[in-house]
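Student: coords please:
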Amino acid sequence: MERVSRRSVMRTAGAAAVSTVVVGRSVAADEPKAPKLWPLEGELKIHPKFVYHYYLVLGEGQTCGLYGSDHSREPDLLARLQPPVRVRVHGTLGTEHHAGGTKDNPSTFPEMWWLYMDVHEVEQLK
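Tutor: Below is the predicted model of the structure:
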């Protein structure tokens, strides 16, 4: 008969406990989580030709492109404001790569990454 050490018994018991916890979590994981809404404040401006139409000037020239909550180019919440105006926006943040164009299809904008926000809430500041 094979001798079983205390350490191997504890490892087996620990693995069983972990698998029970994971199974218990998978049921709760089926519920959708609301996205984290981040606040940003700055001056709202309009860009006439870039991929995003509305953008926020944050500070020392940093900008953040603004889209609608469904990632649309013309967000209804921002369309009713008359830029330039200071606003506080809440939404989900993301980044996107702009390739800068090709030989066949040149772009006036260089290759770069930009920060954008899908806006869920807008508050005009004084």
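Student: what are the ranges of the strands in this protein?
Tutor: 38-46, 54-57, 63-67, 85-98, 112-124 (DSSP state E).
Student: Can I get those in CSV including mean pLDDT and distance to residue 75?
Tutor: For the C-beta atoms, the positions are set from N, CA and C on the backbone; glycine is no exception. Formatted as CSV, the strands of the chain follow (pLDDT from 0 to 100; distance: least, C-beta to C-beta, whole Å):
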stretch, mean pLDDT, distance to residue 75
strand 38-46, 92, 11
strand 54-57, 90, 7
strand 63-67, 89, 6
strand 85-98, 91, 9
strand 112-124, 89, 5
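Student: Tabulate those (JSON lines), appending mean neighbour count.
Tutor: As requested, those are exported to JSON lines (neighbours: other C-beta atoms under 10 Å):
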{"stretch": "strand 38-46", "mean neighbour count": "15"}
{"stretch": "strand 54-57", "mean neighbour count": "22"}
{"stretch": "strand 63-67", "mean neighbour count": "22"}
{"stretch": "strand 85-98", "mean neighbour count": "15"}
{"stretch": "strand 112-124", "mean neighbour count": "16"}
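Student: Figure out which of these is closest to residue 32.
Tutor: strand 85-98 (13.9 Å; C-beta to C-beta).
Student: Just grab the bridge partners of the residue most central in space within the chain for me.
Tutor: Central residue of the chain (C-alpha atoms, centre = their mean): residue 93, 2.8 Å from the mean position. Beta-bridge pairing of residue 93 under DSSP bridges involves residue 117.
Student: which residues does it contact?
Tutor: 38, 115, 116, 117 (C-beta atoms under 8 Å, 6 or more residues apart in numbering).
Student: Nearest residue to the first one in space, ignoring adjacent ones along the chain?
Tutor: Distances taken as C-beta to C-beta, 6 or more residues apart in numbering put residue 93 closest to residue 38, at 5.3 Å, once the chain neighbours are dropped.
Student: How about the third one?
Tutor: Nearest-residue entry for residue 116: residue 65, 3.9 Å, with adjacent residues in sequence omitted and distances by C-beta to C-beta, 6+ apart.
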